[in-house]
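Colleague: here's a sequence, model it:
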Amino acid sequence: IVSLQTLSLTAKIEEELYPILATSEELPSELIRFVENKVQTILNEIKQSESELSKRIDKIDKLDVKDQVSSEKIVQVKNNLNSIKTKLFTISADYRELVDQLLSFLRVYREVYESIRDYFSGRNRQSTAPVEAENVANIIRDYETFKNNTMESFRSLLAQSERLIDRIKMQEPPGAKEQDTDKIITLLEQLRTYFESNAASENSELKRQYFITEFEKMLNDFN
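Modeller: This next block holds a predicted model:
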């Protein structure tokens, strides 16, 4: 009975592990907070289960049995409990490794997302002010540098996501691994769309400023 109760407990924990990204949140900071809270809850449950197992093993050790049959049954129950304890430790270690890899991806994702957001929000504020002719070339050059750096960061993020998805496919059960994989792919697609939509507006604005300054230059030359 003891081992059956404990097996039920470990089965409950295993059901709660995956999918890790079981949330509708899409903002990177909120996703990170969700995953951190979830992993802390899961690891606390595993720790409590391990503590309960240790207590039950201690109680078994204190039993005073006289006959051989009872002694053999106690040894069997104790071995089962130790086996479950080992399984819990393995589950915890594997889960922690995958979550750490996922959080590393999400933190890099957040850095790229915030870099895009901060750049374009800053440019939107600047675009309301008149731009001197000599500054347009500098703005275009800075934008090209930013765009190249962003694309390089995105390529690195894609490589990181591929390694993460490989680990998810290997470790998570059917159903859960498809959900987590789809979530990661969706996040990458949203990031690409977010960058491209802002870049399209920026390209249009830079062209507008470039043509205005060129027109003013030609007008001055004509005058």
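Colleague: quick check on residue 18: phi, psi?
Modeller: Main-chain torsions, residue 18, degrees, to the nearest 10: phi -130, psi 150.
Colleague: residues near the residue nearest to it when sequence neighbours are not counted, how many?
Modeller: Nearest residue to residue 18 in three dimensions, chain neighbours excluded: residue 176, at 3.6 Å (CB to CB, 6 or more residues apart in numbering). Placement of C-beta: from N, CA and C, glycine included. Here the count is done by other CB atoms under 10 Å, and residue 176 has 18 residues near it.
Colleague: next: residue 94.
Modeller: Around residue 94 there are 14 other residues, counting by other CB under 10 Å.
Colleague: what sits against it?
Modeller: Neighbouring residues of residue 94 by CB atoms under 8 Å, 6 or more residues apart in numbering: residue 171.
Colleague: any idea how far it is from residue 87?
Modeller: Going from residue 94 to residue 87 by CB to CB, to the nearest Å gives 11 Å.
Colleague: go on, residue 170?
Modeller: Remark: distance between residue 170 and residue 87 (CB to CB) = 18 Å.
Colleague: tell me which of the two has more neighbours.
Modeller: residue 87 (13 against 10).
Colleague: on that earlier part again, now that the residue nearest to residue 18 has come up, it's in contact with residue 19, right?
Modeller: Yes: between residue 176 and residue 19 a contact is recorded at 4.1 Å, counting by CB atoms under 8 Å.
Colleague: now residue 191, nearest residue through space, not along the chain?
Modeller: Residue 191's closest residue in space is residue 113 (CB to CB, 6+ apart), at 6.1 Å.
Colleague: quick check: the one you found vs residue 72, distance?
Modeller: Look at residue 113 and residue 72: by CB to CB, they are 61 Å apart.
Colleague: go on, residue 98?
Modeller: From residue 98 to residue 72 the distance is 39 Å (CB to CB).
Colleague: comparing those two, which shows the higher neighbour count?
Modeller: residue 98 (21 against 11).
Colleague: verify the stated contact: the more buried one with residue 171.
Modeller: Yes: applying CB under 8 Å, one finds residue 98 in contact with residue 171, separated by 5.6 Å.
Colleague: how about the strands in the chain?
Modeller: Counting by DSSP state E, one finds no strands in the chain.
Colleague: in it, where is pLDDT below threshold?
Modeller: Along the chain, the parts satisfying pLDDT under 70 run over 1-10, 123-134, 136, 202-223.
Colleague: now the helices for it?
Modeller: 2-17, 28-61, 68-126, 133-171, 176-222 (DSSP state H).
Colleague: cheers, nothing more for now.
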